[in-house]
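> sharing a model that was predicted from the sequence below.
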Amino acid sequence: MAKPRLRFAPSPTGYLHIGGVRTALFNWLWAKKTGGAFVLRIEDTDQERSTAASTKIILDSLRWLGLSWDEGPDPGGASGPEMGAYGPYTQMKRLDIYKQYAERLIQEKKAYRCYCTKEELDAQRDVLKKKDPKAQFKYPGTCRHRTDEPNEPFVVRFKVERSGSITYVDKVFGEVVTPNVELQDFVLLRSDGVPLYNFGAVIDDITMEISLVARGRDHMINTPPQILLYQALGANVPEFAHLPMMLAQSGEKLSKRHGAVSVGEYEEQGYAPGAVLNYLARFGWAFGDQEIFSKEELIAAFDWTHCGRGDGKFDPKKFLAINYEHLKSSTLMPDAEYAHRALRFVHARGGLDHVTTTDVLRALYTIRERAQTFVQAANMLDPFFRSPPFMDEKAVAKFLVKEVAPRLRELGDALATLDEFTEATVESKMHAWLASTGLEIKAIGQPVRVALTGRTASPSLYQVMCVLGRDETCARLARAANVAEKSAV
RNA sequence: GGCCCCAUCGUCUAGCGGUUAGGACAUCGGCCUCUCACGCCGGUAACGCGGGUUCAAUUCCCGCUGGGGUCGCCA
């Protein structure tokens, strides 16, 4: 059996939607697993809404996610404007191909020119609606048998047989049967020669030799007419796999008003691409009880038989939790990669341009298990690199009070004597000092924390000191002591 | 409304005739603790309803209810 060829065919009408990513992911996973091809095609025939900027955003998002395509457009990529042997991979560059196929269908009497205007059809629709609000308007076939060719604009319509039915076996939903009478003579080409979705997609899938079409369930209704097209053109009908919908918590279609829905937003919020893929993969698909997957594990485990059929609700909390698992795991994400990704967010905070991945790497272990996103990670990393750190006013007021000033000085003096400044030496030194003063660590811990980090929550004090180093630690203690001294309380 | 699809904890799901219906997220307790986290232990929580089929239904069939999709010269 030939290697399967799959495709992801987004419309460049905005950002890359999280639901679109799931579609892309499932296609990609299957292509990777089977050694098949993953084709990226841009369906930009809606000229009203399509933009080049959107195409760029979509390509960038796919690259960020690591969903690499074997064939497709590649602006900004290493391979030039198009890659692959079936190009172009942008529909507006393939208009002559569609026209050719449409001509052929007309020649073979499988399609015909329709001169009915949009206005006429709208009027017919209204009349019917008025007569019977429950009635379904279907194109009545006015131009079906027309033989003249007036010099008027026309669309090309497909001639749907009135009898019979269309059957296909969906890889996730099973057998689906649709009687032809449910269909109507649908439009192939608009009057301006641009194909409509069903025609463009089918012609492309035929000419690009796509063997498995996996897409959202909202496209299920398009499958029967598309199959008719394959048959009319004597082409092999590909396999189909429809994926259940991803809805908002409210049960509505997921959209902007339900929070972040674009890949770009999650990138900005500090999600890991692998986590995005992991969450989306487990949405509508399961592999026993396993929740956390690396990309490789996903490829190895994925199949269509374990895809569910019920729609689901997007859960931002679980998504965050999955992201956390990925950020915590040095297996899923090596330290070097973590540091590299986190650095961008550290820099984004401003004033820390001098910080390097090496710096981040050094401080990483103190915060790695605490940050759910890279934004949080950068926030936790901030006090290590900002000198002096931002001092939280409330924290200062509460903990850097007059009475702790001498304590902070004593501790600083004690630590200043250390030659080897490691977590262990710092800890034992501090314990010794504590013992000499009779203080409990609880009594001085928070003031020290505020002195070192400017805030009340941080990694372990010993870790913080160790990362800061002796001189910086002592400097911060001294500085805090001065602040405490001047405190009113 | 027509046509189509779907239905296990709040959410994502495991289950493929016989289970104390499992896991994860969320949530609620407790432990741990220099703060915040982590971690650990434990709790609450589901088979929509009604008929069949069967010795036995969460599981198979039908109906209902509920939810969703789609009805364009959008995709």
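Thanks, I have the structure now.
> the closest residue in space to residue A:30 that isn't next to it in sequence bridge partners, please.
Distances taken as C-beta to C-beta, 6 or more residues apart in numbering put residue A:6 closest to residue A:30, at 5.9 Å, once the chain neighbours are dropped. Using the backbone N, CA and C atoms, a C-beta is placed for each residue, glycine as well. Residues in a beta bridge with residue A:6, per DSSP bridges, are residue A:38, residue A:212.
> ok, residue A:6 to RNA strand B distance?
Noted for residue A:6: a distance of 17 Å to RNA strand B, by C-beta to the nearest atom of the strand, to the nearest Å.
> residue A:21 is in contact with residue A:65, isn't it?
Yes - with contact defined as C-beta atoms under 8 Å, residue A:21 reaches residue A:65; the gap is 6.6 Å.
> of the two, give the one with the bigger neighbour count.
More crowded of residue A:21 and residue A:65, by other C-beta atoms under 10 Å: residue A:21, with 27 against 22.
> now the helix or strand containing the more buried one: buried residues?
Per DSSP states H and E: residue A:21 is located in helix A:18-34. Neighbour counts over helix A:18-34 (16 or more other C-beta atoms under 10 Å) mark A:18-32, A:34 as buried.
> give me the neighbour count for residue A:248.
Neighbours of residue A:248 (other C-beta under 10 Å): 16.
> who's in contact with it?
A:254, A:255, A:258, A:313, A:314 (C-beta atoms under 8 Å, 6 or more residues apart in numbering).
> touching stretch A:377-390 from outside, list them.
Residues from elsewhere that reach stretch A:377-390 (C-beta under 8 Å, 6+ apart): A:270, A:327, A:342, A:345-346, A:348-349, A:351-352, A:354-355, A:359-360, A:363, A:366-368, A:370-371, A:452-455, A:458-459, A:464, A:467-468, A:472, A:475-476, A:479.
> repeat that for 6 Å
A:342, A:345, A:346, A:349, A:352, A:355, A:363, A:367, A:371, A:453, A:454, A:467 (C-beta atoms under 6 Å, 6 or more residues apart in numbering).
> stretch A:182-190 now?
A:102, A:111, A:138-139, A:141, A:155-158, A:160, A:195-196, A:199, A:225.
> for residue A:445, which non-adjacent residue is closest in space?
Once flanking residues are discounted, residue A:445 sits nearest to residue A:461: 6.6 Å by C-beta to C-beta, 6+ apart.
> just give me how far the helix or strand bottoming out on mean pLDDT in chain A sits from the chain centre.
Lowest on mean pLDDT, DSSP states H and E among the helices and strands of chain A sits helix A:118-131, with a mean of 90. A distance of 41 Å separates the centroid of the chain from that of helix A:118-131, by C-alpha atoms, centre = their mean, to the nearest Å.
> ok so, going back, what about the residue nearest to residue A:30, distance to residue A:61?
Distance, residue A:6 to residue A:61, by C-beta to C-beta, to the nearest Å: 18 Å.
> now do residue A:336
Computed as C-beta to C-beta, the residue A:336 to residue A:61 distance reads 23 Å.
> list the buried ones in stretch A:479-489?
Neighbour-count burial for stretch A:479-489 [16+ other C-beta under 10 Å]: A:479, A:480, A:481, A:483, A:484, A:487.
> go on, stretch A:439-457?
A:444, A:446, A:447, A:448, A:449, A:450, A:451, A:452, A:453, A:454, A:455.
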